[in-house]
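Asks: Just to be clear, the model below is a prediction. Sequence and coordinates:
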Amino acid sequence: MRVLPSPLELHASVLSPALDQLDALDADGMLAAPVDLEAMVQHGVEHRLHLDGQRLELSEPTCVVVAGDVVVDALVLEEQSVLLVLGNLKARSAELYGTALVLGACEVSESIVGHGEPHTLTVLGEVQAGRCEMHQQYIMQFLGGGTLASLSDSEGGEEELLELMRAAGSELQVGA
């Protein structure tokens, strides 16, 4: 069992099992990008019970930890911003230049567009999403199955990524 960074210890009952699952998948070579919790919280942590509204734009390197759900029309993570959702994420669109980890379900009706390495979107729960685009080596990992309208990678690696997710046990359907 992984030791949590001290700012996240109050969420140990939810985070520890999720991180154990991610560590096991990483040890078996089933993740395209490991989740580095230490790096996510290196610039501090801001705790929130839930977030909702028309537009949520995060631009600071501080990790925003949401104990409940995030329900917004548009989600924008600027470069170096970090979002950790212990509940579910629901949005119409998401533009991601930063890193996000969602432990619950993820529903993004129109599009998820991710830009630039080393940033990632990792979802442990089920996903229901429209168009998903990865640019400049951004990585999306949907480990809890679900449905995407489409998945594209500007580097051409979407098939390899799908194979990894399916090998990790995800029953992800694309174009269904």
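Replies: Nice, I can see it.
Asks: Every contact and neighbour count from this point should use C-alpha atoms.
Replies: Fine.
Asks: now what about the helix or strand of the chain with the lowest mean pLDDT, what contacts it?
Replies: Least confident helix or strand of the chain, by mean pLDDT, DSSP states H and E, is helix 158-167 with a mean of 90. Applying C-alpha atoms under 8 Å, 6 or more residues apart in numbering, the contact partners of helix 158-167 are 30-32, 141-143, 151-152, 172.
Asks: buried ones in the lengthiest helix in the chain?
Replies: In the chain, taking DSSP state H as the definition, the longest helix is helix 12-27. For helix 12-27, burial by neighbour count (16 or more other C-alpha atoms under 10 Å) applies to 12, 15-16, 18-19, 22-23, 25-26.
Asks: Stretch 163-176 now?
Replies: Using 16+ other C-alpha under 10 Å as the test for burial, stretch 163-176 gives 164-168, 170-174.
Asks: can you redo the residues you listed as JSON lines with distance to residue 137?
Replies: Formatted as JSON lines, the entries for the buried residues of stretch 163-176 read as follows, by distance: C-alpha to C-alpha, whole Å:
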{"residue": "164", "distance to residue 137": "16"}
{"residue": "165", "distance to residue 137": "16"}
{"residue": "166", "distance to residue 137": "20"}
{"residue": "167", "distance to residue 137": "21"}
{"residue": "168", "distance to residue 137": "20"}
{"residue": "170", "distance to residue 137": "21"}
{"residue": "171", "distance to residue 137": "23"}
{"residue": "172", "distance to residue 137": "20"}
{"residue": "173", "distance to residue 137": "22"}
{"residue": "174", "distance to residue 137": "20"}
